[in-house]
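K.L.:
I need the structure of the sequence given here:
(one chain, ligands or ions: 1)
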Amino acid sequence: MPMKPKLVEAFNIQIQAEFQSAYTYLGMAGWFTENNLPGFSQWMRIQWQEETLHAMKLHDFLHSRGESVTLRPLTAPSKKYTSSVQVFEQVRKHEQSITASINDLYELAFKEKDLPSQIVLQWFINEQVEEEALVMEIIERLKLVGSDGPSVYLLDRQMSSRTMPVDVSAT
Ligand code: OFO
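P.N.:
This is a model prediction of the structure:
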């Protein structure tokens with residue numbers, strides 16, 4: 001069953017938002033590398049890959065429904081960060097805005113009575129709860145270690161252990 005044009009348009013906007021997230025996190029990965037925190041940089045690179053997969057999940061969903069994907073331009077991420085905590089505060093704000101857009105998209109799918117869209121978006125709703133919780137935890141840890149060098153070093157090493165989940169559909 002074809003999707004309503006309004007819903008297709010909203011999915012395309014969300015695809016752009018997910019790719020924009022990926023690009024933003026790649027910029028943050030670069031900032032961490034340039035500030036001698038390779039573990040945080042690795043964490044952000046995984047985040048970049050995960051966001052790319054999120055975009056592709058929606059991209060492939062539109063195609064599987066026989067709809068057209070229209071890729072939109074991305075904007076250059078800022079690299080004007082002052083501290084690791086500030087970077088993660090930005091991540092938190094960004095993820096909150098993504099949560100809001102996913103929720104709006106779900107509401108639209110509900111209004112349009114598009115059940116397959118609702119099902120695919122439920123995965124994203126759960127994912128956003130997990131992402132926001134994870135980012136909050138990292139902010140708390142960063143606040144705890146403050147500028148204590150050895151603790152920052154240990155936290156950076158811990159961050160480097162993040163890998164892509166084996167089941168990519170579970171990102
Ligand atoms: Fe950061 O999560 Fe995508 O959707």
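K.L.:
can you pull the contacts of the residue of the chain found nearest the ligand?
P.N.:
In the chain, the residue that lies nearest the ligand is His54 (3.8 Å; CB to the nearest ligand atom). For glycine as for every other residue, the C-beta is placed from the backbone atoms N, C-alpha and C. Residues near His54 by CB atoms under 8 Å, 6 or more residues apart in numbering: 18, 21, 124, 127, 171.
K.L.:
residues of stretch 131-143 that come out buried?
P.N.:
For stretch 131-143, burial by neighbour count (16 or more other CB atoms under 10 Å) applies to 131-132, 135, 138-139, 142.
K.L.:
should've said stretch 49-65
P.N.:
49-55, 57-59, 61-62, 65.
K.L.:
Need the phi and psi values for the residue nearest the centre of the chain.
P.N.:
Of all residues in the chain, the one closest to the mean position by CA atoms, centre = their mean is Glu51, 4.5 Å from it. Reported as degrees, to the nearest 10, the phi and psi values for Glu51 are phi -70, psi -40.
K.L.:
Please verify my assumption that it contacts Ala17.
P.N.:
No: Glu51 is beyond contact range of Ala17, at 9.3 Å (criterion: CB atoms under 8 Å).
K.L.:
From Gly149, how far off is the residue of the chain closest to the ligand?
P.N.:
35 Å (CB to CB, to the nearest Å).
K.L.:
what does Ala29 give?
P.N.:
Taking CB to CB, one finds Ala29 at 22 Å from Gly149.
K.L.:
cool, and Asn103?
P.N.:
41 Å.
K.L.:
Counting neighbours, go ahead and name the busier of those two.
P.N.:
A direct count of neighbours by other CB atoms under 10 Å for Asn103 and Gly149 places Asn103 higher, at 14 against 8.
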